[in-house]
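Trainee: Generate a structure from the sequence data that follows.
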Amino acid sequence: MLAEHDYPALLLNADFQPVSMTPLQLLPWQKALTSVFLEKLIPVEYYDRSIHCRGSSVREACDFRLPSVVALRDYVSPARPAAFTRAGIFLRDRNRCAYCGGHFRSKDLTFDHVYPRSKGGPTSWENVVSACSPCNARKADKTLAEAGMRLRIKPVQPTCAHLDALARSSGRHLHRRLHHRWLFYLGLDENDARIRELVMRDGEDDRAFPEGMTSGDYWFVPLEE
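Mentor: Numbers count the residues shown, from 1 in each chain. Model prediction:
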């Protein structure tokens, strides 16, 4: 029995480019299969996995291959605002602390409200920056003036196109397993050491994309504004 998060389909734009790299836009197999059947999406690639559908008679029973890559019929502009996520903040700021300018791994960064949330500061692209733990602790709930600190990065709202370009150049969107059928459309090389261990092939694991909270869920779930 397939679970909801098994065998997701990569969603491409009408120009066969990824709709989004940050987060990687994926559809549950049920939605992808239904949308293809209703001709709302174009099937591009398939997994070597089918589901059997029973009809009211033997003649009506059939097998449907699960799509691994699908494409929109209508083009969606990449100039739209990017989803507001942890990964997006760190990617926009290029994994630098906005206060000291140091470069850190994502797991060693947190995000900070420039104008403190305790003083009414919004949780938004324009008021949230990446920060290392020492700088975050030093600033605490103070304003920049009160803490005697300054910003080295101007927080702005990026577009999907801007974050996707940064993701492609840095590889920082790779927070989850990637099926080998997706790589061509993501512009990735399977021989690249950064992604080799993330590549999943048909038949290696029937549950390649497990249920529940994953690192991808943590990094890419939209933050509350």
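
Trainee: Give me the pLDDT value at residue 154.
Mentor: Residue 154 is assigned a predicted lDDT (pLDDT) of 93.

Trainee: what do you get for residue 72?
Mentor: So, for residue 72, pLDDT stands at 96.

Trainee: Dihedrals phi and psi, it?
Mentor: Residue 72 adopts backbone torsions of phi -70, psi 150, taken as degrees, to the nearest 10.

Trainee: ok now do it, which residues does it touch?
Mentor: 11, 12, 13, 14, 19, 41, 42 (CB atoms under 8 Å, 6 or more residues apart in numbering). Glycine gets a C-beta too; all of them are placed from N, C-alpha and C.

Trainee: who touches the lengthiest strand in the chain?
Mentor: As assigned by DSSP state E, the longest strand anywhere in the chain is strand 41-53. Strand 41-53 is contacted from outside by 2, 7, 11-12, 16, 32-33, 35-36, 61-73, 179, 181, 185, 202-203, using CB under 8 Å, 6+ apart.

Trainee: Put the buried members of these into a PyMOL selection.
Mentor: Of the contacts of strand 41-53, the buried ones go into a single PyMOL selection, burial set by 16 or more other CB atoms under 10 Å:
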select buried, resi 7+11+12+32+33+35+36+64+66+67+68+69+70+71+72+179+181+185+202
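
Trainee: Keep only those of the contacts of strand 41-53 that are in helices.
Mentor: Applying DSSP state H to the contacts of strand 41-53, the entries found in helices are 32, 33, 35, 36, 185.

Trainee: could you list every residue that touches the third one?
Mentor: Spelled out, that is residue 35. 27, 41, 70.

Trainee: Kindly report the same for the last one.
Mentor: Contacts were defined as CB under 8 Å, 6+ apart; by that measure residue 185 touches 10, 12, 16, 17, 18, 44, 69.
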